[in-house]
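S.K.: Let's see this in three dimensions:
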Amino acid sequence: MVNVLFCGNSGVFDGFLTCALSLMKRTESKEPFAFYIFTMSLPRLSERYTALTDDEIALFESVIKRYNPENTVKVTDVSDLYEQEFAYCPNEGAYCSPYTLIRLLADLVDGIPDKVLYLDADVLFNRDVHLLYDIDVTGYEYAAARDHYGKYLINPHYINAGVLLFNIAEMKKRNTFLKARNELRKKKLTFADQSALIRSTTKKLLLPQRYNDQKFLHKHTIVRHFSKRLFWLPYPHTENIKQWQVEKVHKIFHYHQFDDILNEYQEIKAQAGLQ
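M.R.: As a prediction, the model looks like this:
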């Protein structure tokens, strides 16, 4: 079983769907996937902060079971846990959204396995998941690749928290999640949950950039992370292009390696009347 954790709401459902398709399409083995999704509603901060709907969950489940009837999805509404742990903390206005914080609740949710691959919604797999998932993290809290920009601007070992191979048992043993939550409650941090996690880590396994490539797509890239990136032309600027923005993926990145995934995604959305 390959255990995968997503965190977010309806606003990134397209990311969950495309990422799951990439996992299933790029993985050769017939081993089933167990998807865990943390979601929540937080209307006191924004009317846009709504949990995944029953229809979205049903659609996601139907898609993954087309590939393997043994694939499963378990959705946990962590709204109450979030309010208990993070309500009115200095990092509620995180650089992305409060949904970036909820992965740090993994030790408080029942049924999360000892080894789980956390993925941001804006990633696609270019190669087999087992190249990442089968890495031995015994004795480490997690495995992660360096942040493309942070390794130059902050610290050579500064990691990007968008792809994390969690050793949940070790993190519970070392109280990593608890320490990270405490950090978030103390003061405003530049990158919120990512900064808190890094500060709270005792021992991590650093992976090559191909396990979380935030800028380029090479043949050896295992995970392409569609995070905000810097473009130099026609003038220096940043853009935050996500994989479900198919036209931009083609026009700006000139990527067609993911067309089988993105074409199926568009067909699924059209059939569900969600275009």
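S.K.: what stretches of the stretch 1-150 of the chain score poorly on pLDDT?
M.R.: 94, 149-150 (pLDDT under 70).
S.K.: Please, where are all the strands along it?
M.R.: 2-7, 33-39, 72-77, 115-119, 123-125, 142-145 (DSSP state E, counting those that start in this stretch).
S.K.: Now do the first one: which elements does it pack against?
M.R.: If contacts are counted by 3 or more Cβ pairs under 8 Å, 6 or more residues apart in numbering; DSSP states H and E, strand 2-7 sits against helix 13-26, strand 33-39, strand 115-119. For glycine as for every other residue, the C-beta is placed from the backbone atoms N, C-alpha and C.
S.K.: do the longest one as well
M.R.: Counting by 3+ Cβ pairs under 8 Å, 6+ apart, the packing neighbours recorded for strand 33-39 are strand 2-7, helix 13-26, helix 54-67, strand 72-77.
S.K.: let's see 7 Å
M.R.: strand 2-7, helix 13-26, strand 72-77 (3 or more Cβ pairs under 7 Å, 6 or more residues apart in numbering; DSSP states H and E).
S.K.: between the ones you listed, which one is nearest to Phe253?
M.R.: With respect to Phe253, and counting by Cβ to Cβ, the nearest of the helices and strands packed on strand 33-39 is helix 13-26 at 14.4 Å.
S.K.: Name the residues of that closest one that are buried.
M.R.: 13-24, 26 (16 or more other Cβ atoms under 10 Å).
S.K.: Repeat that for stretch 42-49.
M.R.: Those would be Leu42, Tyr49, for stretch 42-49 by 16+ other Cβ under 10 Å.
S.K.: Chain neighbours aside, what residue packs nearest to Ser41?
M.R.: Ala51 (4.5 Å; Cβ to Cβ, 6 or more residues apart in numbering).
S.K.: what's the span of stretch 189-208, first residue to last?
M.R.: 26 Å (Cα to Cα, to the nearest Å).
S.K.: quick one: the helices in the chain?
M.R.: Using DSSP state H, the helices of the chain run over residues 13-26, 54-67, 79-86, 130-133, 150-153, 168-173, 176-186, 192-200, 246-248, 259-271.
S.K.: hang on, isn't the residue nearest to Ser41 packed against Thr76?
M.R.: No - if you go by Cβ atoms under 7 Å, Ala51 and Thr76 don't touch, sitting 10.1 Å apart.
S.K.: residues contacting the residue lying closest to Asn3 once chain neighbours are set aside?
M.R.: Once flanking residues are discounted, Asn3 sits nearest to Val116: 4.2 Å by Cβ to Cβ, 6+ apart. The contact partners of Val116, by Cβ atoms under 7 Å, 6 or more residues apart in numbering, come to Asn3, Val4, Leu5, Tyr36, Phe166, Ile168.
S.K.: cool, Thr72 as well?
M.R.: Taking Cβ under 7 Å, 6+ apart as the test, what Thr72 contacts is Ala34, Phe35.
S.K.: Next, work out how far apart it and Lys187 are.
M.R.: Relative to Lys187, Thr72 is positioned 39 Å away (Cβ to Cβ, to the nearest Å).
S.K.: go on, Thr50?
M.R.: If you go by Cβ to Cβ, the gap between Thr50 and Lys187 works out to 29 Å.
S.K.: Between the two, point out the one with more neighbours.
M.R.: Thr50 (15 against 9; other Cβ atoms under 10 Å).
S.K.: how near is the more buried one to Asp128?
M.R.: Counting by Cβ to Cβ - Thr50 and Asp128 are separated by 34 Å.
S.K.: Could I get the helices and strands packed on strand 2-7 in TSV, plus columns for distance to Val109?
M.R.: Listed next are the helices and strands packed on strand 2-7 as TSV, based on distance: least, Cβ to Cβ, whole Å:
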stretch	distance to Val109
helix 13-26	17
strand 33-39	7
strand 115-119	11
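S.K.: Among the helices of the chain, which comes closest to Ser41?
M.R.: That would be helix 79-86 among the helices of the chain, by Cβ to Cβ, at 5.5 Å.
S.K.: How about Glu183: what's its closest non-neighbour residue?
M.R.: Ala196 (4.0 Å).
S.K.: Need the pLDDT of Asp193.
M.R.: Among the per-residue scores, Asp193 holds a pLDDT of 88.
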